[in-house]
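Undergrad: For reference, the sequence and a predicted model appear below.
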Amino acid sequence: MTFSAIVALITDEVKAFSLSTGKRVHLLDRVGVLFDLYIEPLDAPGPDALVDPPARASLIWLAGALFDVVAKRVAEGEPHPPWPSAIATTETPEED
C-alpha cells in the first residue's frame with residue numbers, strides 16, 4: 001500500500017465517521033473491519049486461531065474505551081489533548 005493510498009483511506013474513514021449518526025458504533029464496526037483487512041492477514045507468531053480473536057476483541061475494546069474518554073472530555077468541555085505535557089503552568093522552572 002502506498003503512502004497516498006494510506007492517506008486516502010484515512011481521509012475516507014474520517015469523512016464517514018463525521019457523517020455517521022452513531023459514532024461509537026460506527027467506530028467499533030470500522031475497527032473490526034480494518035483489523036480483518038489489514039492486521040489479520042499478517043503472519044503473527046502463534047496459532048492464528050488462538051491469537052487473532054483476542055487481538056481483534058482487544059483492539060475493538062481499546063477503540064471503544066478511547067472513544068468514551070474523548071467523548072466524556074468533550075461533554076465536560078475539558079481541553080484537548082489530555083496529555084500531561086499539555087498542562088499549562090504559570091511558574092517558570094528555576095535553575096540551581
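TA: Happy to help now that I have it.
Undergrad: rest of the way, CA atoms for contacts and neighbours
TA: OK.
Undergrad: For this structure, give me the ranges with low pLDDT.
TA: Within the chain, the segments meeting pLDDT under 70 span 79-96.
Undergrad: So which residues of it form helices?
TA: 3-19, 23-34, 48-76 (DSSP state H).
Undergrad: which one of these lies closest to residue 42?
TA: Proximity to residue 42 (Cα to Cα) singles out helix 48-76 among the helices of the chain, at 9.5 Å.
Undergrad: Report the separation between the residue nearest the centre of the chain and residue 35.
TA: By Cα atoms, centre = their mean, the chain has its centre lying nearest to residue 63, at 5.0 Å. Residue 63 sits 12 Å away from residue 35, going by Cα to Cα, to the nearest Å.
Undergrad: same thing with residue 5?
TA: Noted for residue 5: a distance of 17 Å to residue 35, by Cα to Cα.
Undergrad: if I look at residue 33, how far off is residue 77?
TA: From residue 33 to residue 77 the distance is 31 Å (Cα to Cα).
Undergrad: In terms of neighbours, single out the busier of residue 5 and residue 35.
TA: A count of neighbours by other Cα atoms under 10 Å puts residue 35 above the other of residue 5 and residue 35, at 18 against 10.
Undergrad: Hmm, the more buried one is touching residue 56, no?
TA: Yes - counting by Cα atoms under 8 Å, residue 35 touches residue 56, with 6.6 Å between them.
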